[in-house]
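J.: coords please:
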Amino acid sequence: MVERLTIDHVGHRGDGVSLDAREPVYVPYALPGETVEVEHVAGNHPDRRHLLAVEVASPERVTPFCKHFGLCGGCAIQHWRSEAYSAWKRNIVVETLRQAGLECEVAPLIDAHGAGRRRITLHGRLGTHEVLKVGFAAMNSHDVIPIDRCPILDPGLAGAIEAAWALSEPLMKRMAATKPLDIQVTATDTGLDVDVRGSGPLPAPIVAALSEVAEQHRLARLTRHGELVLQRAAPSLRMGGAEVVLPPGSFLQATVAGEETLAALVQERIGRAKEIVDLFCGVGPFALRLAEKARVAAFDSDAGAIAALAKAAHAPGLKPIKAEARDLFRRPLVAQEMRDVDAVVFDPPRQGAQAQALKLAASRVPTIVAVSCNPATFARDARLLVDGGYGIETVVPVDQFRHTPHVELVARFAR
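T.: Residues are numbered from 1 along each chain as shown. The predicted structure is shown next:
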């Protein structure tokens, strides 16, 4: 059944929201003020609709720049004028903080897309008649949209899509694989670092075929579930004045500009602190820069990341960095351990750091700088700090995931 709806606003996930009915209805790719024709989405999604046509278009609508937009689920918004898009993304932070009862200023959105995404996860799947498909997942689906190019990628990822297709051929077709592959590709200073996940045990001929592909595509390193298949060069990146060799499949900020922007915001808010704790430190994008002026104790549950940071910490000109593997969800730092600390930085994954935030709220650390990729869990953790006596200063939203609803932010808390 075809319906005609008027779109009121864009929701936090990037869908147009109609308030014509008693309950909100969500329409991907629709914009405020538009009149659209839609149909129901199959399955258990009574509040979602599929966009059929735009009858009355918004003056803010623009032509998407990617031929895969609307099929590929990677980008939610390419069809909205940049000024309106930026205001919407900043407002996600404003509304989330308001709903948590946090009163603070929210700065203008900082664009940190830079040259584009430097890490991606592609998927390989055998489709009908065993036709190989390599690309990104479709929106709200496990289907794979085959792609040959992606215009939002960093130039350092040149050749990544071709390499993913070449690696999928032996893994999927020769082994008649039924499960999809995940192919994580990271652009490093020494070439592409690729980790393949999803395949079962590999016979020797397949390992040889993968090694040949890695050589042909001049990959810096190829691993399978983190286990080395072939390495032509150690995949490394500069972070501040240090060089970090990445562990296989390690977390990394999505863009170079994103990492540099977040690090600069953290450094500004740390001020002249001399003893710093960096929680959820990863491979050290903050710790290695902060150590240029201060002593740093860095903690993360990823032992590989901690080992990489510890090795990079020997770079000349850095003050001591103590890097320790520790599960901060199960064993957060307590107030006594932070007794002599001037400042704490914490940058947890999307689920936030509730257990650690409770311990921070009970501490006497003068300055806490929070970095987050999820405004909702940030607001929850920030509420704990404020209730513990901290004042929250200006929150700065950062957009390194352009064309998506994802937004990062940095905030300083002080006693």
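J.: What distance do you get for M338 to R380?
T.: Going from M338 to R380 by Cβ to Cβ, to the nearest Å gives 21 Å. All C-beta spots, glycine's among them, are computed from the backbone N, C-alpha and C.
J.: between those two, who's got more neighbours?
T.: Per other Cβ atoms under 10 Å, whichever of M338 and R380 has more neighbours is M338, with 22 against 16.
J.: pLDDT score assigned to that one?
T.: The model reports M338 with a pLDDT of 97.
J.: ok now do it, which residues does it touch?
T.: By Cβ atoms under 8 Å, 6 or more residues apart in numbering, M338 lies in contact with V277, V344, L360, S363, R364, V365.
J.: Is the first one bridged to anything, and to what?
T.: This means V277. Assessed by DSSP bridges, V277 has beta-bridge partners A297, V344.
J.: what sits against it?
T.: V277 makes contact with V296, A297, A298, F299, L333, M338, V341, A343, V344, V345, V365, according to Cβ under 8 Å, 6+ apart.
J.: Taking those together, which two end up most distant?
T.: The span of the contacts of V277, defined through Cβ to Cβ, is set by A298 and V365 at 15.5 Å.
J.: Strands of the stretch 1-150 of the chain, start to end?
T.: 2-10, 15-18, 25-28, 35-40, 49-56, 110-111, 119-126, 132-137, 144-146 (DSSP state E, counting those that start in this stretch).
J.: most packed of these?
T.: Mean neighbour count (mean count of other Cβ atoms under 10 Å) peaks for strand 15-18 among the strands of the stretch 1-150 of the chain, with a mean of 24.
J.: List the strands paired with that strand, with their directions.
T.: strand 2-10 (antiparallel), strand 25-28 (antiparallel).
J.: gap between the most centrally placed residue in the chain and A84?
T.: Among the residues of the chain, the one closest to the centroid is A254, at 5.6 Å (Cα atoms, centre = their mean). Distance, A254 to A84, by Cβ to Cβ: 23 Å.
J.: now do Q354
T.: Per Cβ to Cβ, Q354 is found 34 Å from A84.
J.: Redo the strands paired with strand 15-18 as TSV? Include mean pLDDT and distance to D47.
T.: Output for those, formatted as TSV (pLDDT from 0 to 100; distance: least, Cβ to Cβ, whole Å):
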stretch	mean pLDDT	distance to D47
strand 2-10	97	12
strand 25-28	96	6
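J.: nearest to L122, of those strands?
T.: Across the strands paired with strand 15-18, L122 has its closest neighbour in strand 25-28 (22.1 Å, Cβ to Cβ).
J.: centre of the chain versus the closest one, how much separation?
T.: 24 Å (Cα atoms, centre = their mean, to the nearest Å).
J.: Let me know whether G116 touches A160 as I believe.
T.: No - counting by Cβ atoms under 8 Å, G116 does not reach A160; the two are 11.5 Å apart.
J.: so where's the chain shaky on pLDDT?
T.: Within the chain, the segments meeting pLDDT under 70 span 174-178.
J.: ranges for the strands of the stretch 201-350 of the chain?
T.: Using DSSP E, counting those that start in this stretch, strands in the stretch 201-350 of the chain cover 221-224, 227-231, 236-239, 242-245, 275-279, 295-300, 321-325, 343-346.
J.: Which among these is found nearest to P151?
T.: Closest approach to P151 among the strands of the stretch 201-350 of the chain (Cβ to Cβ): strand 236-239, 23.2 Å.
J.: can you pull the buried residues of the closest one?
T.: Buried residues in strand 236-239, counted by 16 or more other Cβ atoms under 10 Å: S236, L237, M239.
J.: Relative to P180, which of these is nearest.
T.: Using Cβ to Cβ, the buried residues of strand 236-239 come closest to P180 at L237, 28.4 Å.
J.: check contacts around that closest one.
T.: L237 neighbours (Cβ under 8 Å, 6+ apart): T188, D189, E243, V244, L246, L252.
J.: what's the helix ranked longest in the chain packed up against?
T.: Scanning the chain for the helix with the most residues, using DSSP state H, yields helix 82-99. Under the contact criterion of 3 or more Cβ pairs under 8 Å, 6 or more residues apart in numbering; DSSP states H and E, helix 82-99 touches helix 375-387, strand 396-399.
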